[in-house]
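Q: what's the 3D shape of this:
(one chain, ligands or ions: 1)
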Amino acid sequence: MTKQILRIDMSGPNYRYEPMPEKWQKFAGRGLTSAIVFEEVDPGVHPLGPHNKLVIAPGWVTGSPAAPSSGRTSFGAKSPLTGGIKESNAGGLSGQQIAKLGLAAIIIEGTPAKGKWYLLVVSKDGVKFEDAAPLVGKGMYEVDEALWEKYPKTAVIGIGPAGEMKLSNAGISVNDMENRPGRYAGRGGLGAVMGTKGIKAMVISDKGGPGVDIADQETFKIGRRKLTEAIQEHALTKKDGGLNAYGTAILINIMNEAGGLPTRNFSSGQFEGAANISGERIAEVIQERCAGGGEGTTDHGCHPGCIIKCSSIYVDEHGDHLVSCLEYETAWALGANCGIDDLDYIAQMTRECNDAGLDTIEAGNTIAVAMDGGYLQFGDKEGALALLSEVQKGTPLGRIIGQGVEATAKAFGVHRVPTVKHQSMPAYEPRAVKGIGVTYATTPMGADHTAGYTIAPEIAGVSGKLDPLSDEGKAELSLTFQAATAFIDSTGYCLFIAFPILDIAKGWEGMAETVAGVTGLPITGGDVIPLGKEILKMERLFNERAGFTAADDRPPEFMRYEELPPHNVKWTITDEQLDSVYAWVHEE
Ligand code: SF4
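A: Numbers count the residues shown, from 1 in each chain. Prediction:
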């Protein structure tokens, strides 16, 4: 069965189904959201205006039987935060249910009458537009709970008050298997785009849907076996391996050792309280608090069929759920970067972000910038939690904080602003890990570690071991990782399969074979980089047409003149090296 596009026009509101056009057949996930935004959104439109579109697309293999860790959903639009093209993907329940309805993508366009808020119920019978007034103003914990009472076991995509206020740091929440709002397409303010469409939430039910067709069962099964074996063999992704036992926060101690854990608004690469917020400590606390029973676990998957299970359920002192999940970026952003080493406070702040609908990376960086500007002292955990809670209240201060790092830096007179293309940097210091700095500077997404995770060879020793402090070869390295990532983001697989597929050849082959099996297209491992580059080219061209120039591919100025302890290093990659990363776009 040919997949369909579901196009929803909120100015009606109404909807229609369209056959998947031939030109988009080779895309899914990020590739498809970027292709649609590239073709259908004028790069000059205002991101919050009626002509921006929100595109939602599951990956190629999402929803297929037992493809491991493959439930990602891509969300794409012109970003209110960066002003460029954006793709942000999330785990949770939505990808599999959309795919099993036979949908390649949902395109949401137009804006409703002012003040109208809708709940969209998407099922095999079409789209129902319900009045969302009872949900407006509510945090995502309450929204998810209320919607499962009426629509149990469905996928819920929603926005918190931050999205309703159309703040640039508003993310899109997807519920997990326990119906909690911890899975976010957080980056780039896409929750604000959903807010402009007047959509508080979407309920997706795959009940009675056609499911996902497999064009070539044999190739799919061979690929699935190879990829599954590779995941189960690799030290980082196997059962009780690094990610399963300690979650992504296993990186706190590793990055601290490497001198690349950004601390106190990127003023140091080491944090004296790192051990207190590490993955090891998170696991210990959960074990201690749940020794006699309780909800806590480090062996948690964010969607059915994840075999890596890097997620956790962090609990309070009674063993009751506090937040899921407490991951590396979050523990760092709301922890080390703010000088805070109290896990319980970090968990409460994470919960506040999940409820209000904020990206934790941008939120943590924003608090750190406010601290740098003297509004709070670094380490003031009570003050940080109170500041975050201003967002949900919608106070003028909360609205500034909810706009993210650059708006807050202006409000508090701060010149040390760790952003690229207006989006704040994640948890790897670019002066101490040069390749990831090249990715931050050049990816069309704005500073984003997931866009080209060179940490694999620079820190984790995956696919070889490179010196993180060296500039040599980092432009080429970043481009290769950016292209491979654009492909992986299109498969629907979790990015963490990158570790086994880079180290174990059958994993790389298996990933490509599962895609070939589902689509029937002759895709092999050799197509990963070329197809990835095709996606990057559309994204890059969109940004150029939106007005981005080489000057937007630069790290912040202070990194060029401030030395970062403990290695006392500055940003030394030249502008020529940065400009070489995307030179091919106008040559190939
Ligand atoms: S590895 Fe972690 S983030 Fe990836 S799908 Fe599994 S639980 Fe979700």
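Q: Count the residues that sit near residue 151.
A: 16 (other CB atoms under 10 Å). Just so you know, the C-beta spots here come from the backbone N, C-alpha and C atoms, and that holds for glycine as well.
Q: got a list of what it touches?
A: 121, 203, 205 (CB atoms under 8 Å, 6 or more residues apart in numbering).
Q: Next one, pLDDT for it please.
A: Looking at residue 151, its pLDDT is 98.
Q: what's the answer for residue 1, then?
A: pLDDT recorded at residue 1 is 60.
Q: For stretch 361-378, buried residues please.
A: 361-373, 375-376, 378 (16 or more other CB atoms under 10 Å).
Q: Within range of the ligand, give me the residues from the chain.
A: 69, 91, 301, 302, 306, 308, 309, 310, 311, 494, 496 (CB under 6 Å from any ligand atom).
Q: Pairing partners for the residue lying closest to residue 94 once chain neighbours are set aside in the sheet, please.
A: Leaving aside its chain neighbours, residue 94 sits nearest to residue 155 (4.1 Å; criterion: CB to CB, 6 or more residues apart in numbering). Here residue 155 shows beta-bridge partners residue 204, assigned using DSSP bridges.
Q: Now do residue 155 against residue 298, distance only.
A: 24 Å (CB to CB, to the nearest Å).
Q: With residue 323 instead?
A: 13 Å.
Q: which residues in the stretch 251-400 of the chain form helices?
A: In the stretch 251-400 of the chain, the helices defined using DSSP state H, counting those that start in this stretch lie at 251-257, 279-289, 328-333, 343-356, 360-372, 381-393, 396-402.
Q: Next one, pLDDT for the one residue in the stretch 451-588 of the chain that gets nearest to the ligand please.
A: Residue nearest to the ligand within the stretch 451-588 of the chain: residue 494 (3.1 Å; CB to the nearest ligand atom). Predicted confidence (pLDDT) for residue 494: 95.
Q: Can you verify my assumption that it contacts residue 91?
A: Yes. In this structure, residue 494 is within contact of residue 91 by CB atoms under 8 Å, at 6.8 Å.
Q: So what touches stretch 319-326?
A: With CB under 8 Å, 6+ apart, stretch 319-326 has contacts from 176, 178, 180, 182, 247, 249, 282, 289-290, 292-296, 300, 302, 310-316, 343-344, 346-348, 350-351, 354.
Q: rerun that using 7 Å as the cut-off
A: Stretch 319-326 is contacted by residues 176, 180, 182, 247, 249, 282, 289-290, 293-296, 300, 311-316, 347, 350-351, 354 when judged by CB atoms under 7 Å, 6 or more residues apart in numbering.
Q: cool, stretch 455-464 as well?
A: With CB under 7 Å, 6+ apart, stretch 455-464 has contacts from 254-255, 258, 428, 433, 435-436, 449, 465-466, 468, 498-499, 502-503.
Q: Count the residues that sit near whichever residue of the stretch 51-200 of the chain sits closest to the ligand.
A: Here the residue of the stretch 51-200 of the chain nearest the ligand is residue 91; by CB to the nearest ligand atom that distance is 3.9 Å. Residue 91 is flanked by 25 other residues according to other CB under 10 Å.
Q: Against the ligand, how distant is residue 447?
A: 20 Å (CB to the nearest ligand atom, to the nearest Å).
Q: And for that residue, the neighbour number?
A: Neighbour number of residue 447 under other CB under 10 Å is 29.
Q: do the same with residue 424
A: Going by other CB under 10 Å, the residues that sit close to residue 424 add up to 33.
Q: Tell me how far the closest residue to it other than its chain neighbours lies from the ligand.
A: Nearest non-adjacent residue to residue 424, counting by CB to CB, 6+ apart: residue 365, 3.8 Å away. For residue 365, the distance to the ligand equals 21 Å [CB to the nearest ligand atom].
Q: And the pLDDT at residue 365?
A: At residue 365, the model reports a pLDDT of 98.
Q: Residue 418 is in contact with that one, correct?
A: Yes. The criterion here is CB atoms under 7 Å, and residue 365 meets it with residue 418 at 6.3 Å.
Q: what do the two both touch?
A: In contact with both residue 365 and residue 418: residue 424, using CB under 7 Å, 6+ apart.
Q: on that earlier part again, of all the helices of the stretch 251-400 of the chain, which one comes closest to residue 269?
A: With CB to CB as the criterion, residue 269 lies closest to helix 251-257 of the helices of the stretch 251-400 of the chain, at 8.1 Å.
Q: Return the set of buried residues in that closest one.
A: Neighbour counts over helix 251-257 (16+ other CB under 10 Å) mark 251, 252, 253, 254, 255, 256 as buried.
Q: Turn the residues you listed into a markdown table, including pLDDT.
A: Below are the buried residues of helix 251-257 laid out as a markdown table (pLDDT from 0 to 100):
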| residue | pLDDT |
| --- | --- |
| 251 | 97 |
| 252 | 98 |
| 253 | 98 |
| 254 | 98 |
| 255 | 98 |
| 256 | 98 |
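Q: Am I right that residue 409 is in a helix?
A: Yes. Membership of residue 409 in a helix is supported by DSSP: H, G, I helix; E, B strand; the rest coil.
Q: where does the residue in the stretch 101-250 of the chain that the ligand sits nearest to land in three-state SS?
A: Of all residues in the stretch 101-250 of the chain, residue 243 sits closest to the ligand, at 6.4 Å by CB to the nearest ligand atom. On the three-state scheme (three-state DSSP), residue 243 is labelled helix.
Q: Residue 497 is in contact with that one, correct?
A: No. In this structure residue 243 lies outside contact range of residue 497 using CB under 7 Å: 11.0 Å.
Q: before we move on, the earlier item: for the contacts of residue 151, which entry has the maximal number of neighbours?
A: residue 203 (23 neighbours).
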